[in-house]
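J.: give me a 3D structure for the following:
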Amino acid sequence: MGFLFINCRLRCLLFLLALSTPTNFAFAADKPIGFEADNVVVNQADGSLFATGNVELKQANNTLRADEVTYYRNQNKAIARGNVVHIDGDGTVTNAAIMEIDTEFSHILAETIISNFTTGEWISANHADRIAGDRGIFDASRFTPCKCDFLNGERPLWDIKASQTVRNEKTQTITHYNMRMNVLNVPIGYLPFLSHPDWAVRRRSGFLTPRATLSAEKGLTTIIPYYRIIDQTSDATFNANIYQRLGYSLRTDYRKLWDKADLNASVITANVETYKEPREFVGAVDAAYSSQIGNGWNVSAQLKRTSQDTFLRRYNFNPNTSLKSNITASRIVDNRYYHVEVSDRQSLLASNKALDETTVLPSIFYEKVEKGWRKNQSLRKELSAIQLDNDQGHDMARWSGVLEVAEDFHLPLGIANYKANITGDYYSIHTKPNDVDAVIGDHAFATPALSVGWQIPITVKSESRRAVIEPLARLAYVGGNDRASKIPNRDAGDYRIDEANLFLLNRYQGKDYALPGTRLDLGISVVTTDNLLGEASGFIGFSKTLHGDLSPGTSLEPNNKRSDYVSSLSISPLSGQKIRWTGRISSSDQTLLESRASITTNLGSGSLSLSHNQLDRRYFNGSYDAEELSTSYSDTLTGIGTFSVGQVWDLTRGKTNPTLSSASISSGEWTFHGSQSWGELNNKLIGKKMTAGLSWNGGPQDCLYFSINYEKDPSVDRDIKSREQISFLLTLKHIGSFGSQTIESLMPTDS
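T.: As a prediction, this is how the structure comes out:
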């Protein structure tokens, strides 16, 4: 027997090595294997090869590293021992004590393996047998999709231990036999077998994890979902709900995606107990469609309708008390904007069904802004039309047009500007409530408006301080006639003067209300920056009616021609605090009518916020001023995330009743939230809606979602009773929801 000893670092192809030996290697010449080793011994009699020391074999996209490798030519196989690492073409890294491979890396046998797949999944086994592209069999296996350092002993959030795991690479399915589920290293269940898609599967038809709900009203409710792939761009989910005492329902969710459009539709059919019948066949639809068509048009449509008022809320399909269906189309191109909408609303409350089922058929809006005839001049054109039916007892149509021109002038002292427009409106009023001041019939109005303004920024500087002081003035005129006695106000309702609308030409942002007259608007703003105190800004302003009727919403005193003073103050010292105050002050006696103050400061490693709100009793015809104090604190909990807690107190009449409390903890993993609202009845605090929840989302290993939610809602309506329930949800990556259930109060509640 002859041997060839080579004591050097080799870098060559095995088929080239065969040229230096009397026999040919069995490695295929069309798929050469790169070879490196510190030492090689070749048995010239049978062509076997024994390599030691940092051995590395490469073929195509496969790489094998080991302390030693023995190649057997006659069996067409190689055996690697010691710190074996195999990297396949997909990037999967497998560590093993011993690994046997054929010369094309297509059949692999291994002992004591740990494989890490490219998307983060891990599988370990005492023995593995894999045929590439076909299947892999893992005996005494442990599987987890958690992104952890499993190789070095880091514990996954959850894993599956099985007597055998089979991965069918053709069907992309993983099956565990005699499996035990562990969450946080605690066994939670055993199954004789469990199959689930592998990480390469984006979606697959089949039954999803069943869910359960337990309540006093419905008894045991089982929810059996089934997912169906229709084609590459559409699928559907069927949720069968079986209520132990109240019947059954089926919710079908259909999804479809096109190149520039998508459709999401839910259809609900049920035979359940309602306030009308012990068993009534009911149905509902909730569909949404969006698309891009033509040259920049965005079209969307929603269809929301139900055959019965309360079953959607009672059986937890939709909590809303009204449903709105609409079709909208909008387009923005260059300096033009188009918007068209048709809508219809269905009320689900018996108390307001006649008042809250408005139909808009249609609403059309067009606006174009372009350069005017002069350098700093702009020209705006606007057209709109709307048809309202059953809008709180009103049926009416309105057509409007606006032509507006605006321009700025840079003067030697300040900046002047003007804005002028004329609005034409045509109304056709068909019906109205008896208690509304309006005239049925057709009405036409023309409303001219003009404003002239001036402002001058004044800068004051020193070594450590910089301030900008800017006085502002605007004289505004609105012509035409007051039409409040002829036209119902449907789109320009409550109005209160504030810093944002003080200098607007048309303060009422709708079309239905116009107040002729002349007014003067004055204000001054200050912004300062100080190297020691930080930044501060403030504003104060008011409006005075010079001619015409007084504008409602500008003052609580009906005969006061001067509006209330609107003011604000913001201070941000360099020490980290933030102070903010806004308010309204009576222009006649300088009393504070409205105040909103807040301060935020660092407290320890967290942030503390305090806010105080006060409102004069004349705003709501109360006997006492409304006043409340709120506080919140947030902090970062090391290793957990952000913690926050809040409380609101009602200080009206000197009381300290809690009106709302809330708390939350959130991070990349954990989230806790809770809120409690309170009401007062006969000096006794009663609870209103309360919610609380705790959830774990993914965590650092991105493989586990857990949530527990508590909800208490004492509100009732027809056959909807007060509700108190706890919901649990555990979702495991690649497997779905595991052990999801809801427990409602088991004690019957009064309607």
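J.: C-alpha coordinates for stretch 124-138, PDB please?
T.: Taking C-alpha atoms only, stretch 124-138 is exported to PDB below (Å, rounded to 0.1, in the frame of the first residue of the first chain):
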ATOM      1  CA  SER A 124     -31.300  21.100  16.700                       C
ATOM      2  CA  ALA A 125     -31.300  17.300  16.700                       C
ATOM      3  CA  ASN A 126     -29.300  14.200  17.800                       C
ATOM      4  CA  HIS A 127     -29.400  12.900  14.200                       C
ATOM      5  CA  ALA A 128     -30.300  14.500  10.900                       C
ATOM      6  CA  ASP A 129     -30.800  13.100   7.400                       C
ATOM      7  CA  ARG A 130     -31.300  15.600   4.600                       C
ATOM      8  CA  ILE A 131     -31.800  15.200   0.900                       C
ATOM      9  CA  ALA A 132     -31.400  18.700  -0.600                       C
ATOM     10  CA  GLY A 133     -34.600  19.900  -2.300                       C
ATOM     11  CA  ASP A 134     -36.600  16.900  -0.900                       C
ATOM     12  CA  ARG A 135     -36.800  16.600   2.800                       C
ATOM     13  CA  GLY A 136     -34.900  16.700   6.100                       C
ATOM     14  CA  ILE A 137     -35.600  14.300   9.000                       C
ATOM     15  CA  PHE A 138     -34.400  15.400  12.500                       C
END
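J.: how about the helices in the stretch 101-250 of the chain?
T.: Assigned by DSSP state H, counting those that start in this stretch, the helices in the stretch 101-250 of the chain number zero.
J.: all helices of this protein, in order?
T.: All helices of the chain, identified by DSSP state H, fall at 14-17, 311-314.
J.: select from those the stretch with the lowest mean pLDDT.
T.: By mean pLDDT, the lowest-scoring of the helices of the chain turns out to be helix 14-17, with a mean of 40.
J.: which parts of the stretch 51-200 of the chain are strands?
T.: With DSSP state E, counting those that start in this stretch as the criterion, the stretch 51-200 of the chain has strands at 62-72, 77-87, 93-102, 107-116, 122-131, 135-144, 158-168, 173-183, 186-197.
J.: adding mean pLDDT, write those strands out as TSV.
T.: TSV is the format used below for those (pLDDT from 0 to 100):
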stretch	mean pLDDT
strand 62-72	90
strand 77-87	91
strand 93-102	92
strand 107-116	92
strand 122-131	94
strand 135-144	94
strand 158-168	93
strand 173-183	91
strand 186-197	86
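J.: any chance of these in TSV, plus mean neighbour count?
T.: C-beta here means a position set from N, CA and C on the backbone, and glycine is covered the same way. Formatted as TSV, these follow (neighbours: other Cβ atoms under 10 Å):
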stretch	mean neighbour count
strand 62-72	20
strand 77-87	19
strand 93-102	19
strand 107-116	20
strand 122-131	20
strand 135-144	20
strand 158-168	20
strand 173-183	18
strand 186-197	13
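J.: tabulate those (JSON lines), appending distance to Ala385.
T.: Formatted as JSON lines, the strands of the stretch 51-200 of the chain follow (distance: least, Cβ to Cβ, whole Å):
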{"stretch": "strand 62-72", "distance to Ala385": "70"}
{"stretch": "strand 77-87", "distance to Ala385": "68"}
{"stretch": "strand 93-102", "distance to Ala385": "66"}
{"stretch": "strand 107-116", "distance to Ala385": "64"}
{"stretch": "strand 122-131", "distance to Ala385": "64"}
{"stretch": "strand 135-144", "distance to Ala385": "62"}
{"stretch": "strand 158-168", "distance to Ala385": "60"}
{"stretch": "strand 173-183", "distance to Ala385": "59"}
{"stretch": "strand 186-197", "distance to Ala385": "53"}
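J.: looking at the protein, which helix or strand is least sure?
T.: Lowest by mean pLDDT, DSSP states H and E among the helices and strands of the chain is helix 14-17, with a mean of 40.
J.: list the contacts of the nearest residue to Asn531 once chain neighbours are set aside.
T.: In this structure, Asn531 finds its nearest non-sequential neighbour in Ser464, 4.3 Å apart by Cβ to Cβ, 6 or more residues apart in numbering. Applying Cβ atoms under 8 Å, 6 or more residues apart in numbering to Ser464 gives the contacts Asp530, Asn531, Leu532.
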